[in-house]
Every structure is written in C-alpha cells, then in structure tokens.
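Colleague: Mind folding the following:
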Amino acid sequence: MKKVLFLLIFLLFLSCKETEFSAGIENRLTATIDMSPETNYNNVDFTSDDDLGGLCADHDMVFIDKQDDGSLNNEYYTIRIEAKDYFKSENNCNQYGWYTTEQENVRHQLVINAYAEEISSYMYLSSSRYIDHPNMSTSGITAYYKLETSIEGLDNNGAGVEYFGNDVEIEIVNLDLESGLMSGTLNATLFRATPVLDPSGYLGVDNLPNLDLYNPLLNDYVSDSDGDGFSDYHLTDSIRIENCVFQRITVINNVP
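Modeller: Numbering: from 1, shown residues only. Got it, this is the predicted structure:
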C-alpha cells in the first residue's frame, strides 16, 4: 500500500512540474497565411529567417518596452514581435538558393504590437476590432502583414500588399527575460490596406463591388456604407494568420 501511495505522489509531482514549450522550430517563428493574396484556396508558409551565427540578420525578434508618461499609475508595457521570411531554401541569407522551393520568390513579413499592464512568464492577450463591446475584448493589439513579392515574383509596382487587423490572440507560454527568450502562439485576422493595380497577378485578392480597404495608419477605416450602424467588413479582403508558433525567439528587453 505504501508503494502504491508513493507511486501516486510521484506521478502527481511529475504532472505538476513545469514542462518546456517545444511546439515549434527552435529560435524561429512559423505560421500559415490562409486566404493569402498569392492564390485561391491555398496557404502560404511563413518561416522566419535564422541569423546563422551572426552572418545574417536575425529575422525574429521581440522588443519589450515600458511606457510611462510620469503620471500616477499610468505605466504599461509594449510587446512588439517582428518576423521576416525572405529566404526559403535554408531560411537564411548565407545558404539562400541551395535549391528551389515551391514558394521560392515569396518575401513577406509580420509585425505584432501588443499592450500589457504587467509582464509575466505566462500571458494570454486578446484583442478585437471593437472599441467598446460587452462580449468582446477591446482593441489592444495590432497585427500587420506585408507580402513584398509573390510566388510569381510580383511586387505590386513596388508597393507590395499590406494588411492590418485587431482581431488577435496571443498566448505567451514562456517569457524568460534573464535569458532573453520567448515562446508561444498567436493567430489573427487582417484586412487588406493596399490597392492591387493588376489583380490578375494575385488570384487570392478579392475585388468585390464597393471593396473597402483598411489602413489605420492613414485613418482609412472600414465604413458603414449601408447605414445599418455596423462597419461593412463583408466588403473587405481578409487573410488569416494561423498555426503561428514562436519557439525561443530573441527578446530585446528595454525595461529598466
């Protein structure tokens, strides 16, 4: 009986012990771009580029800053995740072009800006497009995605194709400020901001009648063209950032 009791206690200890998050590729951010402007019904893969021992720029970084305007109880933190996928083959600039991948010409980037009242080793942050909604989280995260060049090597006359969104969920499962590493997952819905001059080159781009673009940097928000009191998001062109995992990516901690 004592042996059985000891075994149960030991198993309980193992189940309660913290396990290391290892769902993704070490030191990389990976994701699927669903409903991409690339092609209809297909996904585009995103794998951030490795710095390869300092030979190439690190293309997956997290910047944590503390914001304080000097007034009482008005401190908060910003978390900025930046990732770029410019090189396919081996996902670094030094070994680029060793062989040809299906999406060889795709160059794209992803930026997430989040706000938090405090920083901890585990955090769940969510945001929506709503400013004030009784059943939805308010807007505290902004996601940005840019397709710079497509599978066919198109760049939309140098402008690329940009998307913005506030419907974002982030789960940070391990934030180690001492080691400067962060791991977790995220997903987001974004809406197109950039006009596409030649839609025939981007089969995944919707060009609906009365299409409404969304670019908050230019104060260009989704309108209520039918006057029903709700923004007409059904007239926008959207993409999804799905299955996004960041595994032990570099943290630049600017908190004093």
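Colleague: any weak-confidence spans in the stretch 51-200 of the chain?
Modeller: The stretch 51-200 of the chain contains residues with pLDDT under 70 at 69-72, 131-139.
Colleague: Without its sequence neighbours, what residue ends up closest to D220?
Modeller: Closest residue to D220 apart from its sequence neighbours, by Cβ to Cβ, 6 or more residues apart in numbering: L213 at 6.3 Å. The way it works is simple: take the backbone N, C-alpha and C, and place the C-beta from them, glycine included.
Colleague: ok now do that neighbour, which residues does it touch?
Modeller: Listed by Cβ atoms under 8 Å, 6 or more residues apart in numbering, the contact partners of L213 are 191-195, 220, 236-237.
Colleague: In CSV, list the C-alpha atoms belonging to whichever helix or strand L186 is part of.
Modeller: According to DSSP states H and E, L186 maps onto strand 181-192. The C-alpha coordinates for strand 181-192 follow below in CSV (Å, rounded to 0.1, in the frame of the first residue of the first chain):
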residue,chain,number,x,y,z
LEU,A,181,13.9,34.3,-25.0
MET,A,182,10.2,34.0,-25.5
SER,A,183,7.9,31.1,-26.7
GLY,A,184,4.2,31.0,-27.5
THR,A,185,1.5,31.0,-30.1
LEU,A,186,-0.8,33.5,-31.9
ASN,A,187,-3.5,33.9,-34.5
ALA,A,188,-5.0,36.9,-36.2
THR,A,189,-7.5,38.1,-38.8
LEU,A,190,-6.3,41.0,-41.0
PHE,A,191,-7.8,43.2,-43.7
ARG,A,192,-6.2,44.5,-46.9
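Colleague: can you give me the angle the following helix or strand past it makes with strand 181-192?
Modeller: Remark: after strand 181-192, the chain's next helix or strand is strand 238-253, criterion DSSP H and E. Here the directions of strand 238-253 and strand 181-192 differ by 150 degrees (axes from the mean of the first three to the mean of the last three Cα atoms, to 10 degrees).
Colleague: in its sheet, what does the strand or helix carrying D65 sit against?
Modeller: For D65, the element it lies in under DSSP H and E is strand 60-68. For strand 60-68, sheet partners with direction are given as strand 75-85 (antiparallel), strand 238-253 (parallel), following DSSP bridges.
Colleague: Using neighbour counts, pick out the buried residues of it.
Modeller: 60-62, 64 (16 or more other Cβ atoms under 10 Å).
Colleague: Could I get the residues you listed in a markdown table, plus columns for distance to T149?
Modeller: Shown next, in a markdown table, are the buried residues of strand 60-68 (distance: Cβ to Cβ, whole Å):
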| residue | distance to T149 |
| --- | --- |
| D60 | 20 |
| M61 | 22 |
| V62 | 26 |
| I64 | 31 |
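Colleague: wouldn't D68 be in contact with T78 here?
Modeller: No. Counting by Cβ atoms under 8 Å, D68 sits too far from T78 to count as a contact (11.4 Å).
Colleague: Distance check, D226 against Y233.
Modeller: According to Cβ to Cβ, to the nearest Å, D226 stands 12 Å off from Y233.
Colleague: ok, these two, which is more surrounded?
Modeller: Y233 (14 against 11; other Cβ atoms under 10 Å).
Colleague: Contacts only, for the more buried one.
Modeller: Y233 sits next to 129, 191, 222 when contact means Cβ under 8 Å, 6+ apart.
Colleague: Flag every buried residue along stretch 28-39.
Modeller: Buried, per 16+ other Cβ under 10 Å, within stretch 28-39: 28-31, 33-38.
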